[in-house]
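1. sequence and predicted structure, then a few things I'm wondering about:
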Amino acid sequence: MLNRSGGEHMSGQEPSRRRLIYGRRQGHKLRDRQRHLMEELLPRLAVDIRSRTDVLPAGAGRRPLWLEIGFGGGEHLAWQAAHNPGVDFIGCEPFINGVAKLLSSIDECGLTNIRIHDDDARDVLDWLPDASVERVFLLYPDPWHKVRHHKRRFVSPENLDRLARVMTDDGTFRFSSDIPDNVRWTLAHVRRHGAFRWTANRPADWRDRPSDWPQTRYEVKALEAGRSPCYLTFRREQRQPVV
Ligand SMILES: C[S@@+](CC[C@H](N)C(=O)[O-])C[C@H]1O[C@@H](n2cnc3c(N)ncnc32)[C@H](O)[C@@H]1O
C-alpha cells in the first residue's frame, strides 16, 4: 500500500502498529526460479515475529546471533554465514529482488544458518529478547540527502535505543557509508546516545576495510564512482548492574 510520499505501509501488522518504509519494494520482475524460491524457500526461513519462543536470549544455550539490517542483494550476509557456520544470522530487507537474490545464494551454497525477515528491521528489533544479538551490520543505509528527509535515516535515537536493548554487552555494531554527511550524522547520534563506544584509534581503523568485512554491491558502486567508504565499528557498553 503506497502512501503519497512513496513510503510503503508494512503488511501483516495491526493498523496502529503500521510503519512507513521509504524506498522501493520491487524492481524488475522476478525470474521463474526466483519466484519459486520466494514461494518455497522463503516461508521456511522466515522469522516468525508473532512467536515469542523463536529466539532465546544469548547465553541460554543458544548459538551466537548476528543481524544484518538492509542486506540489499545479500552478498555480505551470505559471505558472513559461509565463513561463520557456528553463528546464526537474521537478515532484514524489504526489497523483494534483494531477498530473491539472497535466497538464490542460500540455495546454491547450501547455507543453513540464515533466517530472513522480508520487511522492516524494526519489527525484528522489537521482537528480539534483551541482550540476544552479538553483532549488528548496517552497511550503506539509504543516505536520504535532503535535509527534510534526514529523519528517514535508519540511525536515529529510537533505533539506537532498539539496538542498545537487543545487543549483548560488548557486542559489535558495524556501520559503513560512502556519504560523509551520513557518517558524521551516525557518529554524532551514536556519541549522543551513550550506549556505544567508537573503537577507532587511528585513521586506518575507519579508512581500511577489515578482512572479515566483504564488499557489498553498494560499496562497489561507490568505489567505481570515486567515493571513499568509511568503516565504523562500535562496541555496546557494558550494562550497569541494577542495585
Ligand atoms: C542503499 S541500500 C544498501 C544495501 C546493502 N546493504 C549494500 O550495501 O549493498 C539500503 C537498503 O536498506 C533497505 N532498508 C531501508 N529501510 C529498511 C528498514 N527499515 N529495514 C530493513 N531494511 C531497510 C533498503 O531496502 C535497501 O535495500
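-> Received, thanks.

2. buried residues in the helix or strand hosting Val220, which are they?
-> According to DSSP states H and E, Val220 maps onto helix 217-224. Across helix 217-224, burial judged by 16 or more other Cβ atoms under 10 Å covers 217-219, 222. All C-beta atoms are positioned from the backbone trio N, CA, C, and that covers glycine.

3. export those residues to JSON lines and tack on distance to Val155 and pLDDT?
-> Formatted as JSON lines, those follow (distance: Cβ to Cβ, whole Å; pLDDT from 0 to 100):
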{"residue": "Arg217", "distance to Val155": "21", "pLDDT": "95"}
{"residue": "Tyr218", "distance to Val155": "16", "pLDDT": "96"}
{"residue": "Glu219", "distance to Val155": "18", "pLDDT": "97"}
{"residue": "Ala222", "distance to Val155": "18", "pLDDT": "97"}
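
4. return the member of these nearest to Pro210.
-> Ranked by distance to Pro210 (Cβ to Cβ), the buried residues of helix 217-224 are led by Glu219 at 12.9 Å.

5. doesn't Tyr231 make contact with the closest one?
-> No: applying Cβ atoms under 8 Å as the test, Glu219 and Tyr231 come out as separate, 9.7 Å apart.

6. quick check: neighbours shared by those two?
-> Counting by Cβ atoms under 8 Å, 6 or more residues apart in numbering, the residues touching both Glu219 and Tyr231 are Ser176.

7. give the rounded mean pLDDT of the biggest strand by length in the chain.
-> Scanning the chain for the strand with the most residues, using DSSP state E, yields strand 167-177. Across strand 167-177, pLDDT averages out at 98.

8. tabulate the CA atom coordinates of that strand in CSV.
-> Extracted in CSV, the C-alpha atoms of strand 167-177 (Å, rounded to 0.1, in the frame of the first residue of the first chain):
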residue,chain,number,x,y,z
MET,A,167,22.7,-6.2,21.8
THR,A,168,24.8,-8.1,24.2
ASP,A,169,27.3,-6.3,26.4
ASP,A,170,30.5,-5.7,24.3
GLY,A,171,28.5,-6.6,21.2
THR,A,172,29.7,-5.1,17.9
PHE,A,173,27.8,-2.7,15.7
ARG,A,174,29.3,-2.3,12.2
PHE,A,175,28.3,0.6,10.0
SER,A,176,29.6,1.7,6.6
SER,A,177,28.8,4.5,4.3
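
9. for the following helix or strand past that strand, buried residues please.
-> Counting by DSSP H and E, the next helix or strand C-terminal to strand 167-177 is helix 180-193. Buried residues in helix 180-193, counted by 16+ other Cβ under 10 Å: 182-183, 185-187, 189-190, 193.

10. with stretch 123-141 instead?
-> Across stretch 123-141, burial judged by 16+ other Cβ under 10 Å covers 123-125, 127-129, 131-141.

11. repeat for stretch 75-86
-> 75-81, 84.

12. can you tell me which of those residues end up in helices?
-> Within the buried residues of stretch 75-86, residues falling in helices by DSSP state H are 75-81.

13. tell me who's in contact with Cys109.
-> 78, 82.

14. for Leu37, see how far away it is.
-> Separation of Cys109 from Leu37 (Cβ to Cβ, to the nearest Å) stands at 13 Å.
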